[in-house]
Every structure is written in C-alpha cells, then in structure tokens.
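# What follows is a predicted structure for the sequence shown.
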Amino acid sequence: MSADKQGGALKPITPARVAEELRKLSAQRKSGDLEADEYEHRFARMIGELRDRRIDGSRAEIMATLTPLRDDGVISPADWQRLTKQLGLA
C-alpha cells in the first residue's frame, strides 16, 4: 500500500483496496510463492498499516466488502478473526 498523503495525514485506504491486497497476498501464499513466515510478516505489516491509515467507510461498508473474502475461503477463519479483531471490526 502506498503512502498517499492528504493534508499531511495518511489517506485512509478504501475497502476495495484492502480486499485486493488480501486477495493478492492469499494467492501468493496458496501458490507457494510465500513461505508461512513471509506470509505472516506481510499480513501483520498490512494490519499495522491499516491501523495507522484506517479503512475508509462505515463499518457496514467495510464488512460488506471484506466478508466475501472469508466466505469464499480467500482468507482463513483464523486470519479473518485476527484481521477484524485488530482493526476493531469484530
């Protein structure tokens, strides 16, 4: 995720961008391009960036965009729980 700035503060990330990044990260893990520890590192870094920048939109909008990732198996139930809990969405 790029460090776009808006008025000196980091610009919030759109829910669609979060979903896109999670899809890419998951695809890399499933294809074997990322080892488990590298996936964990990138997933944790993504959560940290999202906490710093925030996700743009209401809780309902964010969940409507991200829930299909869990339902379709793009991210594991454990990663879903971690993502939503650490971002204050759970």
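All right, it came through fine. Just so we're clear, the structure is a prediction, and the values are computed from it rather than from any experiment.
# how about the helix or strand residue 52 falls within: buried residues?
Using DSSP states H and E, residue 52 sits within helix 36-53. When neighbours are counted by 16 or more other CB atoms under 10 Å, the buried residues of helix 36-53 are found to be 39, 42, 43, 46, 47, 49, 50, 53. No exception for glycine: its C-beta is placed from N, CA and C like everyone else's.
# Turn those into a markdown table, including pLDDT and distance to residue 61.
Converted to a markdown table, the buried residues of helix 36-53 look like this (pLDDT from 0 to 100; distance: CB to CB, whole Å):
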| residue | pLDDT | distance to residue 61 |
| --- | --- | --- |
| 39 | 95 | 27 |
| 42 | 96 | 25 |
| 43 | 96 | 22 |
| 46 | 95 | 19 |
| 47 | 94 | 19 |
| 49 | 93 | 19 |
| 50 | 92 | 15 |
| 53 | 91 | 16 |
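# one step back: residues in contact with whichever helix or strand comes after the helix holding residue 52?
Using DSSP H and E, the next helix or strand after helix 36-53 towards the C-terminus is helix 59-71. Helix 59-71 is touched from outside by 15-16, 18-19, 22-23, 26, 55, 57, 74-75, 77, 80, 83-84, 89, with contacts defined as CB atoms under 8 Å, 6 or more residues apart in numbering.
# ok, and for helix 59-71, which residues are buried?
By 16+ other CB under 10 Å, the buried positions in helix 59-71 come out as 62, 65, 66, 69, 70.
# So the last one versus residue 54, what's the distance?
It refers to residue 70. In this view, residue 70 and residue 54 are 21 Å apart by CB to CB, to the nearest Å.
# Cool, thanks, talk later.
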